[in-house]
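Enquirer: here you go, sequence then predicted model.
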Amino acid sequence: MTMKQPRPRPDSSTALLAWTMLPCLPLALTTRAPAAVDNQTGEQIYQQQCLSCHGKQGEGSKTYGHPLEGDRSVGQLAKYIAKSMPDDDPGTCEGEDAQKVAAYIHDAFYTEDRQLLEEHATFVREMEQELKEAGKDPIGHAVPEIEPGVKEENDNIPRISKMQIELMVQSFAADFARIATLQCTNSVGGAKMHWIGVSEGHHELSHHPDSNKESVEKLTKINKWFCEQLAYLTKRLAETPEPGGGGLLDNTLIVWTNELGKGNSHTLDNIPFVLVGNGLDFKMGRSLKFKNLPHNRLLLSLAHGMGHDLKRFGNPDFCGDGGLPGL
């Protein structure tokens, strides 16, 4: 399970500007005469004098191909507009009007949320383009008829795992989700991990006694593979930037666990939990052993870290002492 802390939304006066304006990026206003209306808003001035060149969403046009993006302050934008706009008649928009339209451009097109949306849209456009280009490559033989998508079958588990992780990271980066769960097969799914040299079913191996060294070695291989998936998720979160600095992992907590302490005895004691990330400000880099404490108390601690002051989670008989101590 992966949980992401809510991040504060910057207002127009505190937004951190992450995009850099190109030195030669043109900013244009048309010479179209504004309507004779007093006290116009910045948006109204933009629609009358800027929209035809810069587009409704600041995306640009055939005349000016660059989108409105950058790291200038409202004051810097206002000076630039008053001095240089429009191209063919500088000084037409100045004073209070320049300040208003600068504030509108800054709030509408320079904020970090817009940057996230643009990055996500770019990701989608690039993926669409790659798919189109892939269809144009000559392959020298008839194209085989195959089913669309990736089949949900045993030997596709590694590929599906990576795809699911990428979806999780993208959903967090675009703020479409704050909590996600990744489960590989069900508890008695019997996955056969041929890609790591294990032909027996995972569930079957988990019931072999500890004295069966060959089975223990194969179970160790399987757990190592699961750990590699966790490492990949951690890496992708760490290298994905967050507004204001740092990466997604700085604001995310990953909880990796199993439903049993030991598979061959179905014991509920000594269930392992691995916590990764800094989302809930727990002290990391430690190995802790809690003697006979119910895991309900860990779940309470997770809820408290997310800002929910719950008094119980599940059976109230296991929650009387609150969250786990020392996290």
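Expert: All right, it came through fine. Numbers count the residues shown, from 1 in each chain.

Enquirer: burial check on residue 85, number of neighbours?
Expert: When counting by other Cβ atoms under 10 Å, one arrives at 25 neighbours for residue 85. From N, CA and C alone the C-beta is placed, and that goes for glycine too.

Enquirer: pull out the C-alpha coordinates of stretch 200-208 and format them as PDB.
Expert: Extracted in PDB, the C-alpha atoms of stretch 200-208 (Å, rounded to 0.1, in the frame of the first residue of the first chain):
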ATOM      1  CA  GLU A 200       6.600 -24.700  -8.800                       C
ATOM      2  CA  GLY A 201       3.600 -22.700  -7.700                       C
ATOM      3  CA  HIS A 202       4.400 -20.100  -5.000                       C
ATOM      4  CA  HIS A 203       1.500 -21.300  -2.800                       C
ATOM      5  CA  GLU A 204       2.700 -24.900  -3.100                       C
ATOM      6  CA  LEU A 205       6.200 -24.000  -2.000                       C
ATOM      7  CA  SER A 206       5.000 -22.000   0.900                       C
ATOM      8  CA  HIS A 207       3.600 -25.100   2.600                       C
ATOM      9  CA  HIS A 208       6.800 -27.100   2.500                       C
END
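
Enquirer: give me the buried positions along that stretch.
Expert: 200-202, 205-206, 208 (16 or more other Cβ atoms under 10 Å).

Enquirer: so residue 318 sits against residue 299, correct?
Expert: No: using Cβ atoms under 8 Å, residue 318 makes no contact with residue 299, being 9.8 Å away.

Enquirer: how about a markdown table for the buried residues of stretch 200-208, with distance to residue 94, pLDDT and secondary structure added?
Expert: A markdown table is the format used below for the buried residues of stretch 200-208 (distance: Cβ to Cβ, whole Å; pLDDT from 0 to 100; DSSP: H, G, I helix; E, B strand; the rest coil):
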| residue | distance to residue 94 | pLDDT | secondary structure |
| --- | --- | --- | --- |
| 200 | 78 | 94 | coil |
| 201 | 75 | 93 | strand |
| 202 | 71 | 92 | helix |
| 205 | 76 | 92 | helix |
| 206 | 75 | 91 | helix |
| 208 | 81 | 94 | coil |
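
Enquirer: closest to residue 219 out of those?
Expert: residue 205 (5.5 Å; Cβ to Cβ).

Enquirer: could I get the buried residues of stretch 200-208 as JSON lines with distance to residue 157?
Expert: Shown next, in JSON lines, are the buried residues of stretch 200-208 (distance: Cβ to Cβ, whole Å):
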{"residue": "200", "distance to residue 157": "15"}
{"residue": "201", "distance to residue 157": "13"}
{"residue": "202", "distance to residue 157": "11"}
{"residue": "205", "distance to residue 157": "16"}
{"residue": "206", "distance to residue 157": "17"}
{"residue": "208", "distance to residue 157": "21"}
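
Enquirer: returning to what we had before: who has more neighbours out of residue 318 and residue 299?
Expert: Using other Cβ under 10 Å, the more surrounded residue of residue 318 and residue 299 is residue 299, with 20 against 16.

Enquirer: so, low pLDDT: which residues of the stretch 51-200 of the chain?
Expert: 71, 86-88, 111-115, 118, 134-144, 146-147 (pLDDT under 70).

Enquirer: which residue is the nearest non-sequential neighbour of residue 221?
Expert: residue 196 (5.2 Å; Cβ to Cβ, 6 or more residues apart in numbering).

Enquirer: isn't that neighbour up against residue 219?
Expert: No: Residue 196 lies out of contact with residue 219 (Cβ under 8 Å); the separation is 11.4 Å.

Enquirer: those two - which one has more neighbours?
Expert: Neighbour totals were compared for residue 196 and residue 219, and residue 219 leads with 20 against 12 (other Cβ under 10 Å).

Enquirer: got the contact list for the more buried one?
Expert: Contact analysis of residue 219 by Cβ atoms under 8 Å, 6 or more residues apart in numbering lists 202, 205-206, 263.

Enquirer: try residue 309
Expert: Taking Cβ under 8 Å, 6+ apart, one finds residue 303 in contact with residue 309.

Enquirer: what pLDDT does it get?
Expert: The model reports residue 309 with a pLDDT of 92.

Enquirer: can you classify it as helix, strand or coil?
Expert: Here residue 309 is recorded as coil under DSSP: H, G, I helix; E, B strand; the rest coil.

Enquirer: break this protein down into its domains, please.
Expert: Following automatic domain parsing, one gets these domains for the chain: 17-112, 155-190+225-287.

Enquirer: most tightly packed of those?
Expert: domain 17-112 (a mean of 17; mean count of other Cβ atoms under 10 Å).

Enquirer: residue contacts, the nearest residue to residue 173 once chain neighbours are set aside?
Expert: The shortest distance from residue 173 to any non-neighbouring residue, by Cβ to Cβ, 6+ apart, is to residue 240 (5.4 Å). By Cβ under 8 Å, 6+ apart, the residues touching residue 240 are 169, 172-173, 247-248.
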